[in-house]
Structures are given as structure tokens and as C-alpha cells.
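Asks: here is my input, please return the structure:
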Amino acid sequence: MRTERLVAQAMDRLNGDRYKLSLAVAKRAETLSLGATPLVEVDKAKYKFTDIALMEIAQGKIGIDSIAHEEE
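Replies: So this is what the prediction gives:
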């Protein structure tokens, strides 16, 4: 899937808030890098953690609220 399309879908999920999108991608990518299991079927060796996080947000698998709870 093209990055532009993923970003557009993810932005829709977060009501067009770029700040929330960048925060959500960064936090989720960090948890993925620490060993969290991706919520989408993807080869972790083929994609960057930020791309996987973006896919998860675009598909509605994860949102800003769920990421905030990961830190607790």
C-alpha cells in the first residue's frame, strides 16, 4: 500500500490531527521495536516499525487512546 494513502487513512482516523498522528506513530513504533506483536499481518523484516504503526492506525487496529494505555 502506498504511504500517501496510509497517511490519509490514518489522518481520517485521528480527525486530521497531524500532531496526534505523529505522536501515535512514534509511540507505537517504539513499542514494536521493543518486541510488541504487530496487529496487522506483515513481515516485520520487510517493513519499518513506523510503517507498521501507520498501517495499524489506518486500519483502526490501534488509536491514540490505546497507545496511551501501553505506557501505564
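Asks: who touches the helix of greatest length in the chain?
Replies: When the chain is scanned for its longest helix (criterion: DSSP state H), the result is helix 18-33. If you take C-beta atoms under 8 Å, 6 or more residues apart in numbering as the criterion, helix 18-33 is touched by 7, 10-11, 14, 38, 44, 48-50, 52-54, 56-57, 62-64, 67, 70-71. C-beta: built from backbone N, CA, C; applies to glycine.
Asks: narrow those to just the buried residues.
Replies: When those are checked for burial by 16 or more other C-beta atoms under 10 Å, the buried set is 7, 10-11, 14, 38, 49-50, 52-54, 56-57, 62-64, 67.
Asks: the nearest residue in space to residue 52 that is not next to it in sequence: what secondary structure?
Replies: In this structure, residue 52 finds its nearest non-sequential neighbour in residue 38, 5.1 Å apart by C-beta to C-beta, 6 or more residues apart in numbering. Recorded secondary structure, residue 38: coil (DSSP: H, G, I helix; E, B strand; the rest coil).
Asks: quick check: pLDDT value at residue 38.
Replies: Model confidence at residue 38, given as pLDDT, is 95.
Asks: can you check residue 68 too?
Replies: pLDDT, read off for residue 68, is 57.
Asks: same deal with residue 1?
Replies: Residue 1 carries a pLDDT score of 61 in this model.
Asks: now for the chain, the helix or strand with the poorest mean pLDDT.
Replies: When each helix and strand of the chain is scored by mean pLDDT, DSSP states H and E, helix 64-70 comes last, with a mean of 65.
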